[in-house]
Every structure is written in C-alpha cells, then in structure tokens.
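1. can you look at this prediction? I've put the sequence above it.
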Amino acid sequence: MDWYVYMLRCGDGTLYTGITDDVEKRLAAHRAGKGAKYTRGRSPLELVYTEPHPDRATASRREYQIKQLARQEKLKLCGQE
C-alpha cells in the first residue's frame, strides 16, 4: 500500500504538511473539521502537493524533512513560489 506526504494551503495562507494512505479521504476529513487541529477553522483548504512513498516509515521521514524547510522552500517544492 502506498503512503503519501501531502501539503495543504490553508485559507489564511499557511501551509500544513501531513501523511496519509488515502489523500482524498484525509482531505475530506480536514475539510469536515475532523483532521488535524491546526487545520480546523482555517478553511478553505487547498491540496497543493502530494508525494508517494512505499510505506509509512518512509513517508514519515519525508514529512519531517519537509517540515524542516523554510516557507519559501516549501512553496518552491509545490511549484508556488
């Protein structure tokens, strides 16, 4: 089963990075207010980046790497400089 690192642009312009094995289901959870606490109240949420990985451990390591990037580097990664 594939896992994905994903990035959302929140309504306030901030970026949220997470992992999931089902991107659409996770996005729906975020939009319904049942995702991460950070994304609640920050609608609308736009999916701006996904990156597939073979397993959860690899996706988690990549999520950590992305979270360490500066905002400009994250924007460049998702093609939104």
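-> Nice, I can see it.
2. mind listing residues that contact the helix or strand hosting Tyr64?
-> For Tyr64, the host element (DSSP states H and E) is helix 56-67. Outside of helix 56-67, the residues within contact range by C-beta atoms under 8 Å, 6 or more residues apart in numbering are 3-5, 7, 17-19, 21, 51, 53, 74, 77. From N, CA and C alone the C-beta is placed, and that goes for glycine too.
3. so which bits of that helix are buried?
-> 59, 62-63, 66 (16 or more other C-beta atoms under 10 Å).
4. now could you export just the CA positions of it as PDB?
-> This file holds the C-alpha atoms of helix 56-67, laid out as PDB (Å, rounded to 0.1, in the frame of the first residue of the first chain):
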ATOM      1  CA  ARG A  56       4.500   4.800   6.300                       C
ATOM      2  CA  ALA A  57       8.100   5.000   7.700                       C
ATOM      3  CA  THR A  58       9.500   6.500   4.500                       C
ATOM      4  CA  ALA A  59       6.500   8.900   4.300                       C
ATOM      5  CA  SER A  60       7.100  10.000   7.900                       C
ATOM      6  CA  ARG A  61      10.800  10.600   7.400                       C
ATOM      7  CA  ARG A  62      10.000  12.700   4.300                       C
ATOM      8  CA  GLU A  63       7.200  14.600   6.200                       C
ATOM      9  CA  TYR A  64       9.800  15.500   8.900                       C
ATOM     10  CA  GLN A  65      12.300  16.700   6.200                       C
ATOM     11  CA  ILE A  66       9.600  18.900   4.600                       C
ATOM     12  CA  LYS A  67       8.500  20.400   7.900                       C
END
